[in-house]
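Peer 1: One predicted model, sequence on top.
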Amino acid sequence: MEKILQVKDLHVSFTTYGGVVQAVRGVSFDLHRGETLAIVGESGCGKSVTSQSIMRLIPEPPGKIKSGQIFLKGMDLIQLKEPELRKIRGANISMIFQDPMTALNPTITIGEQIMEGILQHKNISREQAKKAALEMLHLVGISNPEIRLKQYPHQFSGGMRQRIVIAMALVCQPDVLIADEPTTALDVTIQAQILELFRDIQKKTGVSIILITHDLGVVAQVADRIAVMYAGRIVEIGTRREIFYQPQHPYTKGLLQSVPRLDVEGAELVPIPGTPPDLFSPPKGCAFAARCPYAMEVCEKVYPFETSLSHHHYVNCWLQDVRAKALVSSNH
Amino acid sequence: MKSYLIKRLIAMIITLWLIITGTFFLMHSVPGSPFNEERTTNEAIQKNLEAYYQLDKPLFVQYVNYLKSLVQFDLGPSIKKSSQTVNDLLGRGFPVSFELGLYTLILAIISGITLGVLAALRHNGIIDYLAMTIAVLGISIPNFVMATLLIQQLAVNIPIFPVATWASPKHMVLPILALATGPMAIIARLTRTSMLEVLTQDYIKTAKAKGLSPVKIVFKHALRNALLPVVTVLGSLAASILTGTFVIEKIFAIPGMGKYFVDSINNRDYPVIMGTTVFYSAILIVMLFLVDLAYGLLDPRIKLHKKEAK
């Protein structure tokens, strides 16, 4: 499959009064054409920072992309200057933010807000832009688009606004759509509709989606592949099936166990004990070692290498290292 | 919209009437009278004067008479400036004050907003500190100090502008500058604060994610939202600047209406006190109304008329 976006060893840090926060500490992944990659993890694990780094929307300062490469169509986005980045934002990569209630400008009609993106990037007339906007509204399932175009955000419900935000993001037919917690601010029935819309749109346009979320329910519905992030690193990545049915990293397992279940009678909610490490001074070894029930001496000292479990499935955990496995089998 | 305007007009008239009534009775409750001066006047003459200006009648009758003439836009005769009516005084003074005020406002608004926006865009940068230093100075230096400083530097030491009076555009520069610094500083600080807040809003991030240029983001997406609080203060600011200021007009010998506010109270010149108060209140009320209309234009969420379907 064609790799549309490649992130290689991305390091992002923020300088604060308290010191330097190493928010992202070496993230690498590929995004293929037409797939949905979900990045999951708890708050503060660096998933939003990763996605905003791809758009180069990290406020610099205090943020800083210290090293790494982000390739889009052979261009390294890290090397680009602001004016060149502006040509990519919205045109090649689009972004949807968490809260549709605040993501739209309250004083500008939604028609204008959808059209300005396409007018910025494509050399077309307002008439053509309006036509494109109407098509987009139709695509995201908004009825009476002609009338709706002239209305303001406050005249729409939360779910409708998220549809408009999606229309806005897709109007230039980008290659990559980054959705940062697109359903978190919506109630559950609307969530389902929006996720349905994502699937529908992907089928129609072939856009690749990076879905940032902490909601495993959302992931289970739409993701093709899942990357699990912890303390600024991807600890496990694999297909949806592999992550849900054969999770190998203790953190992934913990994450799955901490999802409330209604289908199993008397199922207990198992939280992961402890708290994530302080990213001002992250541990030298595996960041999860302090909370890991299987931690070994090596875990605290050396960060585990990436182990390939299948063609898509990679994990960074000493337990999966060939030497650990050999040890286990020799003991039996 | 039409019913809103009518309702609003009635409310404005009631407000004005309350102000008139309050001022009228408060003014008469202050000890002293227009003829109460150091030199003692002959009792008979004083009686005659009071009769002439109808001050001998019961207060309530005076009040009703005043309202009657006010309805005909007659503000009565000035007691101290005999043979002149209050209408004459205001008619002569207001256009001058208005001209000075208008230019001052334009300067204050444009420079204040520019300064505020620049400061916000370069938050915690040199431009920000510079702009806010100017703003703090502008707020803390009283305009009479500013005026004398300007005269000293730009009229006496380096004689570019005339020292005083009101004749040509050249004469206007110094009083406008002196008068504009305060409002400019207020507007600049307000714009900066509100702009900083707007710039952290999600829709600004959305605009950036669309690939819009910084110029478009600031002018199309941020400024309009940031100006709402600024518009709020503009109403009362405009009313006070347009009706003239006592100090600046005194320093620059400008024949505006600002001096009547103070002189009339010292002189107990009842019709002039009433006239200036009514006039100022009317302008203030109209300005506040205009501010509300401007809200409706700036922010589509604010509806001036109630929903038809209720």
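Peer 2: Received the coordinates, thanks. Residues are numbered from 1 along each chain as shown, chains lettered A, B, ... in the order given.

Peer 1: and the residue in the stretch 1-150 of chain B positioned nearest to chain A, which of the three is it?
Peer 2: As assessed by C-beta to the nearest C-beta, chain A sits closest to residue B:124 within the stretch 1-150 of chain B, at 10.1 Å. (C-beta placed from N, C-alpha, C; glycine too.) Counting by DSSP: H, G, I helix; E, B strand; the rest coil, the backbone at residue B:124 sits in coil.

Peer 1: Now do the phi/psi pair for it.
Peer 2: Residue B:124 has phi and psi values of phi 60, psi 20 when expressed as degrees, to the nearest 10.

Peer 1: Excluding chain neighbours, give the residue nearest to residue B:271 in space.
Peer 2: Using C-beta to C-beta, 6 or more residues apart in numbering or on different chains and skipping residues adjacent in sequence, the residue nearest residue B:271 is residue B:76, 3.7 Å away.

Peer 1: Residue A:114 - that's part of a helix, no?
Peer 2: Yes. Assessed with three-state DSSP, residue A:114 lies in a helix.

Peer 1: That one touches residue A:165, doesn't it?
Peer 2: No. Between residue A:114 and residue A:165 there is no contact under C-beta atoms under 8 Å: 9.6 Å.

Peer 1: Give me the phi and psi for residue A:238.
Peer 2: Here residue A:238 shows phi and psi, under degrees, to the nearest 10, equal to phi -170, psi -180.

Peer 1: quick one: it from chain B, how far?
Peer 2: 29 Å (C-beta to the nearest C-beta, to the nearest Å).

Peer 1: repeat for residue A:246
Peer 2: In terms of C-beta to the nearest C-beta, residue A:246 sits 36 Å off from chain B.

Peer 1: Around that residue, count how many other residues there are.
Peer 2: 13 (other C-beta atoms under 10 Å in any protein chain shown).

Peer 1: Same question for residue A:213.
Peer 2: 23.

Peer 1: That one contacts residue A:181, correct?
Peer 2: Yes. Counting by C-beta under 8 Å, residue A:181 is a contact partner of residue A:213 at 5.6 Å.

Peer 1: Work out for me the element residue A:20 sits within.
Peer 2: Using DSSP states H and E, residue A:20 sits within strand A:19-32.

Peer 1: contact partners of that strand?
Peer 2: With contact meaning C-beta atoms under 8 Å, 6 or more residues apart in numbering or on different chains, strand A:19-32 is reached by A:1-15, A:37, A:46, A:49-50, A:53, A:63, A:68, A:176, A:208, A:210, A:227, A:229, A:231-234, A:237, A:279-282.

Peer 1: Direction included, what does it pair against?
Peer 2: strand A:3-16 (antiparallel) (DSSP bridges).

Peer 1: for the partner strand, which positions count as buried?
Peer 2: A:4-5, A:7-8, A:10-14 (16 or more other C-beta atoms under 10 Å in any protein chain shown).

Peer 1: of those residues, closest to residue B:297?
Peer 2: Checking those against residue B:297 by C-beta to C-beta gives residue A:14 as the nearest, at 40.1 Å.

Peer 1: Quick one: residues contacting that closest one.
Peer 2: A:20-21, A:23, A:62-64.

Peer 1: Output the contacting helices and strands for whatever helix or strand residue B:193 lives in.
Peer 2: Assigned by DSSP H and E, residue B:193 belongs to helix B:169-199. Under the contact criterion of 3 or more C-beta pairs under 8 Å, 6 or more residues apart in numbering or on different chains; DSSP states H and E, helix B:169-199 touches helix B:86-121, helix B:126-140, helix B:143-151, helix B:223-242, helix B:246-251.

Peer 1: Could you point out the helix or strand that follows it?
Peer 2: Trace forward from helix B:169-199 with DSSP H and E and the next one is helix B:202-209.

Peer 1: can you list contacts of the helix or strand following that following helix?
Peer 2: Sequence-wise, the next helix or strand downstream of helix B:202-209 (DSSP H and E) is helix B:214-216. Around helix B:214-216, the neighbours that count as contacts under C-beta under 8 Å, 6+ apart are A:116, A:120, B:207.

Peer 1: Next: stretch B:109-119.
Peer 2: B:127-128, B:131-132, B:134-135, B:180, B:183-192, B:195, B:218, B:223, B:226-227, B:230, B:234.

Peer 1: ditto for stretch A:234-254
Peer 2: A:27-29, A:38-39, A:219-220, A:223-230, A:256, A:270, A:272, A:288, A:291-294, A:309-310, A:312-317, A:319-320.

Peer 1: Just the ones in strands from the residues you listed, please.
Peer 2: Residues of those located in strands (DSSP state E): A:27-29, A:38-39, A:225-230, A:314-316.

Peer 1: what ranges of chain A fall below the confidence cut-off?
Peer 2: A:332 (pLDDT under 70).

Peer 1: what's the longest helix in it?
Peer 2: In chain A, assigned by DSSP state H, the helix with the most residues is helix A:188-205.

Peer 1: Show me what the helix or strand following that helix is packed against.
Peer 2: Scanning forward in sequence from helix A:188-205 by DSSP H and E, the next helix or strand is strand A:208-213. Applying 3+ C-beta pairs under 8 Å, 6+ apart, one finds that strand A:208-213 contacts strand A:3-16, strand A:19-32, strand A:36-40, helix A:47-54, strand A:176-180, helix A:188-205, helix A:216-222.

Peer 1: Ok, which of those comes nearest residue B:27?
Peer 2: That would be, of the helices and strands packed on strand A:208-213 and by C-beta to C-beta, strand A:3-16, which comes in at 60.3 Å.

Peer 1: Now do the closest one and strand A:176-180, the angle between them.
Peer 2: Here strand A:3-16 points in a direction 40 degrees away from that of strand A:176-180 (axes from the mean of the first three to the mean of the last three C-alpha atoms, to 10 degrees).

Peer 1: how close does the spatially closest residue to residue A:21 that is not a sequence neighbour get to residue A:66?
Peer 2: Excluding its sequence neighbours, the residue lying closest to residue A:21 (C-beta to C-beta, 6+ apart) is residue A:14, at 4.6 Å. Distance, residue A:14 to residue A:66, by C-beta to C-beta, to the nearest Å: 11 Å.

Peer 1: With residue B:34 instead?
Peer 2: From residue B:34 over to residue A:66 (counting by C-beta to C-beta), the distance is 80 Å.

Peer 1: Ok, residue A:12 next?
Peer 2: Residue A:12 is 7 Å from residue A:66, by C-beta to C-beta.

Peer 1: Flag every buried residue along stretch A:302-319.
Peer 2: Per 16+ other C-beta under 10 Å, stretch A:302-319 contains these buried residues: A:303-304, A:307, A:313-319.

Peer 1: Residue A:57 belongs to a helix, doesn't it?
Peer 2: No. Counting by three-state DSSP, residue A:57 falls outside a helix, being coil.

Peer 1: Which phi and psi values does it adopt?
Peer 2: phi -100, psi 10.

Peer 1: where does the stretch 51-200 of chain A come near chain B, residue by residue?
Peer 2: A:55, A:57, A:85-91, A:94-95, A:97-99, A:102-109, A:116-117, A:120-121, A:152, A:154, A:165, A:168-169 (C-beta under 8 Å from any C-beta of the partner chain).

Peer 1: And the residue nearest the centre of the chain?
Peer 2: All of this is about chain A. residue A:212 (2.7 Å; C-alpha atoms, centre = their mean).

Peer 1: my bad, chain B
Peer 2: Closest-to-mean residue, chain B, C-alpha atoms, centre = their mean: residue B:240 / 1.5 Å.
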